[in-house]
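Student: got a predicted structure here, sequence first:
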Amino acid sequence: MQRSFSRATIRRRPSFGGGKAYPRRKFGGASIDVSRFIHKAVISEESDVFVPEHSFTDFDISDALKRNIVAKGYKTPTPIQDKAIIHILRGADLVGVANTGTGKTAAFLVPLIDKVLRDTRENILIVVPTRELAIQIDQELKGFARGMKIFSVCCVGGASIGRQISELRYHNNFIIGTPGRLKDLIERKFIVLSKFNTIVLDEADRMLDMGFIADMRFLMAGMPAKRHTLFFSATVSREINGLIQQFLNSPITISVKTGDTPKNVDQDIVKIQRGETKIDILHNLLTKPDFRKVLIFGRTKHGVEKLSKILAERGFKVESIHGNKNQSGRQRALGLFKDSRIQVLIATDVAARGLDIANVSHVINFDIPATYDDYVHRIGRTGRGDKKGMALTFVEN
């Protein structure tokens, strides 16, 4: 990827002593050294090439499922799929620790679909932090289970609860949802937790960050004591370790985390000089040919919406997603961006976790994230798989 930024705009971390120290930025009580936003992508012919121990045909799963895996374009398992699927198939509780974009959705969907094929009475609950991730997992599930008469319902806030209640009247092998909406439906007795013997807690660290700990405990308390629990997280803090000890029984732990940030994402800062404005710098970047599909993160719902309107007035094809937008509006914006019918999507951190959007050329942090973990997940939207991406963070004096 060619760089076309002026030397005055981009500031790189010195490679030896005596260089200028970068200031820390504080937001929401967090302090982040902005030098952590600078990192050269590491892609070379000498890089280790992952050789999986299994192929999808090796796994003891149904032939129909194998055919659907091939039809979806899956060739060889990723590290998390290679190591996790075999343990999930034999019914072990599992903790999966992996960077974003490593294929962990398929790592649990493939063996769980096979589990349902072996016993159609099986009921599985998948709990995730955001509406977008729930919908994405439901779409992935439908692709893997095509033609198998396996049914699912997606239960998220911001969408009609009446329609969800109507769908819950039928037997669904999979219920996928966010903690708040699931709790609401359980309390109304439309979901009976005692009927579920398998639960997946995906992006558990994000659910903890978003304040869902009480809801997670509520869900787990209603499950049968003898259950199959799968727990996925990008980070493992002391609090996460505590949840693992509470929720899982002698789990297998698989970690394929390769570092804080993806190796194939070029990371840099854009220094806003005196007399310059962030919006003008952003405008100039977006006119460059390399900036084909750009995801921009802002800190507040109001700020994201305002920036979206300004860029639209300047002639850019742009949409926004944030908490004040209804679910259909958010899905419409995501669909346009995924299909490359717009150049720019501007979002709050609602889009920082789990979303798999192909060929995002750049992530731009228009506002510095509240925590470094948020930064890691934001930039994980680019450079996915074996693609190279670029992340830029705006830094003001």
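Tutor: Nice, I can see it.

Student: going forward, measure contacts between C-alpha atoms and count neighbours the same way
Tutor: Will do.

Student: all helices of the stretch 51-200 of the chain, in order?
Tutor: Using DSSP state H, counting those that start in this stretch, the helices of the stretch 51-200 of the chain run over 63-71, 79-89, 104-118, 131-144, 161-168, 179-187.

Student: distance to Val344, mean neighbour count and mean pLDDT added to those, as CSV?
Tutor: Output for the helices of the stretch 51-200 of the chain, formatted as CSV (distance: least, CA to CA, whole Å; neighbours: other CA atoms under 10 Å; pLDDT from 0 to 100):
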stretch, distance to Val344, mean neighbour count, mean pLDDT
helix 63-71, 30, 16, 96
helix 79-89, 31, 21, 95
helix 104-118, 26, 21, 96
helix 131-144, 18, 20, 93
helix 161-168, 31, 14, 96
helix 179-187, 30, 18, 96
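
Student: output those helices as a markdown table; include the columns distance to Glu203.
Tutor: Shown next, in a markdown table, are the helices of the stretch 51-200 of the chain (distance: least, CA to CA, whole Å):
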| stretch | distance to Glu203 |
| --- | --- |
| helix 63-71 | 23 |
| helix 79-89 | 14 |
| helix 104-118 | 10 |
| helix 131-144 | 9 |
| helix 161-168 | 23 |
| helix 179-187 | 12 |
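
Student: these: which one's closest to His322?
Tutor: helix 131-144 (10.9 Å; CA to CA).

Student: for the closest one, packing partners?
Tutor: Using 3 or more CA pairs under 8 Å, 6 or more residues apart in numbering; DSSP states H and E, the elements in contact with helix 131-144 are helix 63-71, helix 104-118, strand 152-155, strand 174-177.

Student: pLDDT weak spots in the stretch 201-350 of the chain?
Tutor: Counting by pLDDT under 70, the ranges of the stretch 201-350 of the chain that qualify are 257-262.

Student: go with 90
Tutor: Residues of the stretch 201-350 of the chain meeting the criterion pLDDT under 90: 203, 205-206, 208-211, 233-239, 256-265, 273-275, 322-331, 334, 349-350.

Student: in it, which spans are helices?
Tutor: Under DSSP H, counting those that start in this stretch, the stretch 201-350 of the chain gives helices at 204-209, 213-222, 238-247, 278-286, 301-313, 327-338.

Student: can I get the helices and strands packed on helix 131-144 in a markdown table with distance to Asn324?
Tutor: As requested, these are exported to a markdown table (distance: least, CA to CA, whole Å):
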| stretch | distance to Asn324 |
| --- | --- |
| helix 63-71 | 37 |
| helix 104-118 | 27 |
| strand 152-155 | 18 |
| strand 174-177 | 19 |
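
Student: and of those, who's closest to Leu125?
Tutor: Nearest of the helices and strands packed on helix 131-144 (CA to CA): strand 174-177, 5.0 Å.

Student: out of the helices of the stretch 51-200 of the chain, flag the one nearest Met223.
Tutor: Closest to Met223 of these, according to CA to CA: helix 179-187, at 11.5 Å.

Student: now do the same contact list for Thr229.
Tutor: 92-94, 198-201, 247-248 (CA atoms under 8 Å, 6 or more residues apart in numbering).

Student: beta partners of it?
Tutor: Ile199 (DSSP bridges).

Student: what about Phe59, neighbour count?
Tutor: Residues near Phe59, counting by other CA atoms under 10 Å, number 15.

Student: mind checking how far it is from Asp114?
Tutor: 10 Å (CA to CA, to the nearest Å).

Student: the closest residue to Lys278 other than its chain neighbours: how many residues sit nearby?
Tutor: Of all residues not flanking Lys278 in the chain, Ile272 sits nearest, at 6.7 Å (CA to CA, 6 or more residues apart in numbering). Ile272 has 17 neighbouring residues, counting by other CA under 10 Å.

Student: give me the pLDDT for Leu94.
Tutor: Confidence at Leu94, expressed as pLDDT, is 97.

Student: care to break this protein down by domain?
Tutor: Following automatic domain parsing, the chain resolves into domains at 10-45+263-396, 63-255.

Student: so what's the gap between the last one and the chain middle?
Tutor: It refers to domain 63-255. On the basis of CA atoms, centre = their mean, to the nearest Å, domain 63-255 is displaced by 14 Å from the centre of the chain it belongs to.

Student: relative to Asp290, which of the helices and strands packed on helix 131-144 is closest?
Tutor: Distance to Asp290, taken as CA to CA, is lowest for helix 104-118 among these, at 29.5 Å.

Student: out of the domains of the chain, nearest to His54?
Tutor: domain 63-255 (6.1 Å).

Student: in JSON lines: the helices of the stretch 201-350 of the chain, plus mean neighbour count and distance to Gly143.
Tutor: Below are those laid out as JSON lines (neighbours: other CA atoms under 10 Å; distance: least, CA to CA, whole Å):
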{"stretch": "helix 204-209", "mean neighbour count": "19", "distance to Gly143": "24"}
{"stretch": "helix 213-222", "mean neighbour count": "16", "distance to Gly143": "27"}
{"stretch": "helix 238-247", "mean neighbour count": "13", "distance to Gly143": "30"}
{"stretch": "helix 278-286", "mean neighbour count": "14", "distance to Gly143": "34"}
{"stretch": "helix 301-313", "mean neighbour count": "17", "distance to Gly143": "32"}
{"stretch": "helix 327-338", "mean neighbour count": "17", "distance to Gly143": "17"}
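
Student: quick one: the ones you listed as TSV, columns for distance to Gly103 too.
Tutor: Shown next, in TSV, are these (distance: least, CA to CA, whole Å):
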stretch	distance to Gly103
helix 204-209	16
helix 213-222	23
helix 238-247	21
helix 278-286	30
helix 301-313	29
helix 327-338	18
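
Student: out of the ones you listed, the one nearest Val376 is which?
Tutor: Val376 lies closest to helix 204-209 among these, at 12.1 Å (CA to CA).

Student: which strands or helices does that closest one pack on?
Tutor: Helix 204-209 packs on strand 228-233, helix 238-247, going by 3+ CA pairs under 8 Å, 6+ apart.

Student: and the first one, C-alpha only, in PDB?
Tutor: Coordinates of the C-alpha atoms in strand 228-233 are reproduced here as PDB (Å, rounded to 0.1, in the frame of the first residue of the first chain):
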ATOM      1  CA  HIS A 228     -22.000 -27.800  27.400                       C
ATOM      2  CA  THR A 229     -20.500 -24.300  27.700                       C
ATOM      3  CA  LEU A 230     -18.300 -22.600  25.100                       C
ATOM      4  CA  PHE A 231     -16.600 -19.300  26.000                       C
ATOM      5  CA  PHE A 232     -14.900 -17.100  23.500                       C
ATOM      6  CA  SER A 233     -12.900 -13.900  24.300                       C
END
